[in-house]
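Student: the following block contains a protein sequence and its predicted model.
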Amino acid sequence: MDKDRIEKAVREILIGVGEDPDREGLTDTPKRIARMYEEIFSGIVENAEDHLQVYFQDEKYEELVLVKDIPFYSMCEHHLVPFFGVAHVAYIPKSGRLTGLSKLARVVETVSKRPQLQERLTAEVADIIMKKLQPYGAIVVIEAEHMCMTMRGVKKPGSKTVTSAIRGIFNKDSKSRAEVLSMINKGH
Ligand SMILES: Nc1nc2c(ncn2[C@@H]2O[C@H](COP(=O)(O)OP(=O)(O)OP(=O)(O)O)[C@@H](O)[C@H]2O)c(=O)[nH]1
Ligand SMILES: [Zn+2]
């Protein structure tokens, strides 16, 4: 990441909004934001697929795996302000192709640390699981609040956007799909 460039740009923005970038309090801000962007946009240069190593296990577990309420923070690509919430990730492994539970959260983490659209974030997590684990199916549901809809613009704090990506067997098997969605909704 080109931190010098970010620093220069942030300084320009401060001047643009009518601030004095050299006043105490703002002098280190461009540097700080460059460091912060390196962290919150770290997913741009990472390959999320690399997290999903397959653990071949002897026991043939071919039932649902659901990791619920994975918190995430992302940046809306339209306004570069945060949207954040929880992701629920489910899959039904095939032929013992399991992965570590934390690895599912790591995929969410990497894909969210990019300028994003909630729909794309949801679809990408599901597609990576389908590609790397080749399970019977996968469901990803994301619930998020968009700061661009709360602190500005239409100003609707508390509104939640829910997106889902349904893959594989869950497209055909409406009973399994309903079961997973009700497990996700339990406790809400
Ligand atoms: N589909 C989708 N839209 C998003 C997401 N994040 C932000 N948006 C929307 O992107 C749209 C951008 O619309 P524009 O009209 O170009 O921008 P704007 O004038 O700032 O729009 P307002 O937010 O309505 O004030 C807005 O409707 C946002 O709510 C997202 O993750 N998915
Ligand atoms: Zn936005």
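Tutor: Yes, it's here. Ligands and ions are numbered 1, 2, ... in the order given.

Student: if we ignore the residues flanking it in sequence, what's nearest residue 77?
Tutor: residue 115 (3.8 Å; Cβ to Cβ, 6 or more residues apart in numbering). Heads up, the C-betas are built off the backbone N, CA and C, glycines and all.

Student: count the residues that sit near that neighbour.
Tutor: By other Cβ atoms under 10 Å, 16 other residues sit near residue 115.

Student: got it, and residue 35?
Tutor: Neighbour number of residue 35 under other Cβ under 10 Å is 14.

Student: so what's it up against?
Tutor: residue 3 (Cβ atoms under 8 Å, 6 or more residues apart in numbering).

Student: buried ones in stretch 29-42?
Tutor: 29, 30, 33, 34, 37, 41 (16 or more other Cβ atoms under 10 Å).

Student: only alpha carbons, please: show that stretch as CSV.
Tutor: Coordinates of the C-alpha atoms in stretch 29-42 are reproduced here as CSV (Å, rounded to 0.1, in the frame of the first residue of the first chain):
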residue,chain,number,x,y,z
THR,A,29,-3.7,12.8,11.1
PRO,A,30,-2.6,12.0,7.5
LYS,A,31,0.0,9.6,8.8
ARG,A,32,-2.5,8.0,11.2
ILE,A,33,-5.1,7.6,8.5
ALA,A,34,-2.6,6.0,6.2
ARG,A,35,-1.7,3.5,8.9
MET,A,36,-5.4,2.8,9.6
TYR,A,37,-6.2,2.3,5.9
GLU,A,38,-3.3,-0.2,5.7
GLU,A,39,-5.2,-2.1,8.4
ILE,A,40,-8.8,-1.8,7.3
PHE,A,41,-8.1,-2.3,3.6
SER,A,42,-5.6,-5.2,4.2
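
Student: before we move on, back to that, could I get the pLDDT score of the residue nearest to residue 77?
Tutor: According to the prediction, residue 115 has pLDDT 98.

Student: next, it: phi, psi?
Tutor: Reported as degrees, to the nearest 10, the phi and psi values for residue 115 are phi -60, psi 120.

Student: and it, how close does it get to residue 121?
Tutor: 11 Å (Cβ to Cβ, to the nearest Å).

Student: what about residue 171, helix or strand, and which?
Tutor: Taking DSSP states H and E as the criterion, residue 171 maps to helix 169-172.

Student: check the offset of that helix from the chain's centre.
Tutor: The chain centre lies 23 Å from the centre of helix 169-172; the measure is Cα atoms, centre = their mean, to the nearest Å.

Student: quick one: list the elements packing against the following helix or strand past it.
Tutor: Reading on from helix 169-172 to the C-terminus, the next helix or strand found by DSSP H and E is helix 174-185. Contacts defined by 3 or more Cβ pairs under 8 Å, 6 or more residues apart in numbering; DSSP states H and E place helix 174-185 against strand 65-76, strand 82-92, strand 137-146, helix 169-172.

Student: residues in contact with the helix holding residue 171?
Tutor: Contacts of helix 169-172 (Cβ under 8 Å, 6+ apart): 92, 136, 137, 138, 139, 176, 177, 180.
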